[in-house]
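>>> This is the structure alone, sequence omitted:
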C-alpha cells in the first residue's frame, strides 16, 4: 500500500460540520457538496461525485493536500458501528487504489455515512 492510501487509513471523522465555503472551487459542473465531516486537522466532504478529503499540514496548517476519491472507484464497502468497548465505528472501502479504512467518532452516525456512500456509489454505477 503506498503512502497516500496509508495516510487516508489513519483519519477519523470527528463530527459533522458545515460544508467549507472554499470547497466550491474544487467542484466540477453538475457536482454539489452533500455533507462534510471534521477530521483532526481539516475536513472531508461528500459530493454527488466523490469524497474530497482536505489534509492541512505543517505547524500552521497553511499547506493543504487534497485527496479525491471518485465513487466510481469504490468496488465494495463495509460499515461497523461502535460496540460496548469500542469507541469508534469504522467505514472500510475497497477501491482501485487499495483498501481505505476510516475511523468514525462517537458523534458521527456511521449509518448516515453508509447511506451517503451507498447513494453515491449505486447511483454512479
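Structure's in. What do you need? Source: prediction; values computed, not measured. Residues are numbered from 1 along each chain as shown.
>>> For the rest of this, base every contact and every neighbour count on C-alpha atoms.
OK.
>>> Show residues contacting the helix ranked longest in the chain.
Under DSSP state H, the helix in the chain containing the largest number of residues is helix 110-124. With CA atoms under 8 Å, 6 or more residues apart in numbering as the contact definition, helix 110-124 has outside contacts at 46, 48-50, 71-72, 74, 78-81, 89-91, 104.
>>> what's the distance between it and the middle of its chain?
11 Å (CA atoms, centre = their mean, to the nearest Å).
>>> which of the residues in it are buried?
Neighbour-count burial for helix 110-124 flags 110, 113-114, 116-117, 120-121 (criterion: 16 or more other CA atoms under 10 Å).
>>> Any idea how many residues pack against residue 53?
Residues contacting residue 53 under the criterion other CA atoms under 10 Å number 22.
>>> can you tell me the helix or strand for it?
strand 50-57 (DSSP states H and E).
>>> can you give me the strands in the chain?
12-13, 15-17, 33-38, 43-47, 50-57, 63-70, 74-80, 89-95, 98-104 (DSSP state E).
>>> Least confident secondary structure element in this protein?
The weakest-scoring helix or strand in the chain, judged by mean pLDDT, DSSP states H and E, is helix 3-9 (a mean of 54).
>>> ok, so what distance separates the residue positioned nearest the centre of the chain from residue 25?
Residue closest to the mean C-alpha point of the chain, counted by CA atoms, centre = their mean, is residue 44 at 4.9 Å. Computed as CA to CA, to the nearest Å, the residue 44 to residue 25 distance reads 15 Å.
>>> Next: residue 102.
Distance from residue 102 to residue 25, by CA to CA: 25 Å.
>>> Tell me which of those two has more neighbours.
Taking neighbours as other CA under 10 Å, residue 102 and residue 25 compare with residue 102 leading, 18 against 7.
>>> Which strand residues bridge that one?
For residue 102, the beta-bridge partners are residue 91 (DSSP bridges).
>>> about what we covered before: would JSON lines of the buried residues of helix 110-124 with distance to residue 63 and pLDDT be doable?
Formatted as JSON lines, the buried residues of helix 110-124 follow (distance: CA to CA, whole Å; pLDDT from 0 to 100):
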{"residue": "110", "distance to residue 63": "29", "pLDDT": "90"}
{"residue": "113", "distance to residue 63": "27", "pLDDT": "91"}
{"residue": "114", "distance to residue 63": "30", "pLDDT": "92"}
{"residue": "116", "distance to residue 63": "29", "pLDDT": "92"}
{"residue": "117", "distance to residue 63": "28", "pLDDT": "93"}
{"residue": "120", "distance to residue 63": "29", "pLDDT": "89"}
{"residue": "121", "distance to residue 63": "30", "pLDDT": "91"}
